[in-house]
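[1] build me a model from this:
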Amino acid sequence: MSGHSKWSTIKHKKGAADARRGKLFTRIIREITISARLGGGDPAANPRLRSAIAEAKAANMPKDNIERAIKKGTGELEGEAFEEITYEGYASGGVAIVIEAVTDNSNRTTPEIRNLLEKNGGNMGTPGSASYLFEKKGFISVARSSIGEEELMEIVLEAGAEDLVSEDAETFGVYTTPEAFEGVRQSLEDREVPMIEASIGLFPTTSIPLDDDSAKSVLRLMEALDDHDDVQNVWANFDISEEVLAAQQG
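    Alright, predicted model coming up:
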């Protein structure tokens, strides 16, 4: 089990999806707000905002929430002053981690993130120390129950996707270049194919296999980071076998 959707899959298997829905909405709203602030409120002229709105739609976020977040970003509505910070580091077993955060107080967030890393067997690195092990890609998750594999493959490859893979027993994963992401997402939307997730993120170019001890430490760190209010995304290059994962969950 490896790749970007691995952590999402693990959270679903742990039964945490519903509990994290509020955090998901908060993260997407912040991304929409920042995207609108940096690139304007017109999705047609702002690829980052377009991607954030696509993710919001995949998460079934109400239209009003999306519109308010855009207006906060453009200044039409009053909002908090956020800044983006990217942290890089390593976890147990030599696992590389990239943490994307949005905060209104970096003097608070930075030591908190460093403390979470150190408490869970990791350490903070310097800029560039881990990010070189990742590449930016688009990712779309589709439930197997919603469409057949051959039909899905025909749609996404025709729209410019790089690959279609079986993520697990319940989902397909569609991978694209950042440039092709919107076209593939739009093709699925036009064909009324429901998407569980649709976003552009960082994907590992190499993976680190974990044994039981390292897996326990890394998963504990991932949960701690994921629970932090300022953390938007956590990208890691660990690989956990189904057997090791089952042992952790048992």
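[2] what's the neighbour count on E158?
    Using other Cβ atoms under 10 Å, E158 has 11 other residues around it. (Each C-beta comes from the backbone N, C-alpha and C, glycine too.)
[3] before we move on, what about G148?
    10.
[4] for V142, see how far away it is.
    Distance of G148 to V142, computed by Cβ to Cβ, to the nearest Å: 11 Å.
[5] hang on, R50 packs against E182?
    Yes: under the criterion of Cβ atoms under 8 Å, R50 makes contact with E182 at 5.8 Å.
[6] would S129 count as being in a strand?
    No: going by DSSP: H, G, I helix; E, B strand; the rest coil, the assignment for S129 is coil, not a strand.
[7] could you measure from the nearest residue to E197 once chain neighbours are set aside over to I97?
    For E197, ignoring the flanking residues on the chain, the nearest one in space by Cβ to Cβ, 6 or more residues apart in numbering is S141 at 4.1 Å. Using Cβ to Cβ, we find S141 at a distance of 21 Å from I97.
[8] so between the two, which is more surrounded?
    Comparing S141 with I97 by other Cβ under 10 Å, the one with more neighbours is I97, at 27 against 21.
[9] what comes up buried for the strand or helix carrying L164?
    Using DSSP states H and E, L164 sits in strand 163-166. Residues of strand 163-166 classed as buried under the neighbour-count rule (16 or more other Cβ atoms under 10 Å) are L164.
[10] and the contacts of that strand?
    If you take Cβ atoms under 8 Å, 6 or more residues apart in numbering as the criterion, strand 163-166 is touched by 3, 149, 152-153, 156-157, 172-175.
[11] repeat that for stretch 136-146.
    With Cβ under 8 Å, 6+ apart, stretch 136-146 has contacts from 4-5, 8, 51, 58, 152, 156, 162, 167, 169-178, 180-181, 184-185, 188, 193-203.
[12] note down every partner strand of the top strand by length along the chain and its orientation.
    Looking across the chain with DSSP state E, the single longest strand is strand 134-143. Partners of strand 134-143 in the sheet, by DSSP bridges, are strand 171-176 (antiparallel), strand 197-204 (antiparallel).
[13] select, out of the ones you listed, the one closest to S129.
    In terms of Cβ to Cβ, the element of these nearest to S129 is strand 197-204, at 14.1 Å.
[14] pull the closest one out as CSV, backbone CA atoms only.
    Below are the C-alpha coordinates for strand 197-204, written out as CSV (Å, rounded to 0.1, in the frame of the first residue of the first chain):
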residue,chain,number,x,y,z
GLU,A,197,-11.3,13.2,-3.8
ALA,A,198,-9.9,15.5,-6.5
SER,A,199,-6.7,17.5,-5.8
ILE,A,200,-3.2,18.3,-6.8
GLY,A,201,-0.5,17.2,-4.4
LEU,A,202,3.0,15.8,-3.8
PHE,A,203,3.7,12.1,-4.6
PRO,A,204,6.8,10.2,-3.6
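[15] I'd like the next helix or strand past it.
    According to DSSP H and E, the helix or strand after strand 197-204 is strand 208-209.
[16] what's the mean pLDDT across that following strand?
    Per-residue pLDDT over strand 208-209 has a mean of 90.
[17] that one pairs with which strands?
    strand 238-239 (parallel).
[18] gap between the partner strand and the chain center?
    16 Å (Cα atoms, centre = their mean, to the nearest Å).
[19] I'd like the average pLDDT over that strand.
    On average, strand 238-239 scores 88.
[20] measure the residue nearest to E197 to A169 for me?
    Taking Cβ to Cβ, one finds S141 at 13 Å from A169.
[21] next up, the contacts around L116.
    L116 is in contact with 221, 224-225, 228, counting by Cβ under 8 Å, 6+ apart.
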